[in-house]
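Chemist: sequence plus the predicted model coming up.
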Amino acid sequence: IAAPTAGLHFTPEVLAAVNKIASLAEITLHVGYGTFEPVRVDNVMDHSVSSEHFEISAAAAETINAARANGGRVIVVGTTTMRALESAATENGAVKPGSGVATLTIKPGYQFRIADALLTNFHLPRSSLLILVSAFAGREFILRAYGHAVEQRYRFYSYGDCMLIL
């Protein structure tokens, strides 16, 4: 239903430069409406995101798992990618290759098993994407970051500015 837009920040030239210093792994994710559906409940813990299909090749899983095993960092590009990888994670923090369905709704208190960092766009209020980002980085930190973004007139949503959360 939509493009996973966090990756649009990478031109072929930027990807080539990144590939010189890091290993890249691509997965396939079929983004559904649920990702963008507004949160319509008062308590975010009552919200759930509709399922989305994903595919993780053996090569991609091997690259991610090798990075983790060798003390490297896994930098996830996009909240929907985060959701797919976390849905494919084993209890010990490995990524399982194959096709699957992301049924996971990441909320405050979720224990991340794969990601060490996240590159993501600035998301709209009352969105599951903002909830995921807050669960990853902490609500107060994200509120400060978003306050700065509003003050500096950053662009929000799919074709807006992005942030790297380390």
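Modeler: Perfect, I can see it now.

Chemist: CA atoms for contacts and neighbours, from now on please.
Modeler: Noted.

Chemist: near residue 114, how many other residues are there?
Modeler: Residues lying near residue 114 (other C-alpha atoms under 10 Å) number 24.

Chemist: please name the residues that touch it.
Modeler: Counting by C-alpha atoms under 8 Å, 6 or more residues apart in numbering, residue 114 makes contact with 74, 85, 86, 89, 93, 94, 95.

Chemist: name the nearest residue to the last one, sequence neighbours excluded.
Modeler: Spelled out, that is residue 95. Among residues not flanking residue 95 along the chain, residue 89 sits closest, at 4.6 Å (C-alpha to C-alpha, 6 or more residues apart in numbering).

Chemist: a markdown table for the contacts of residue 114, including neighbour count and pLDDT?
Modeler: Converted to a markdown table, those look like this (neighbours: other C-alpha atoms under 10 Å; pLDDT from 0 to 100):
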| residue | neighbour count | pLDDT |
| --- | --- | --- |
| 74 | 21 | 97 |
| 85 | 28 | 97 |
| 86 | 23 | 97 |
| 89 | 18 | 97 |
| 93 | 16 | 93 |
| 94 | 20 | 97 |
| 95 | 25 | 98 |
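
Chemist: so which of those belong to helices?
Modeler: Among these, DSSP state H puts 85, 86 in helices.
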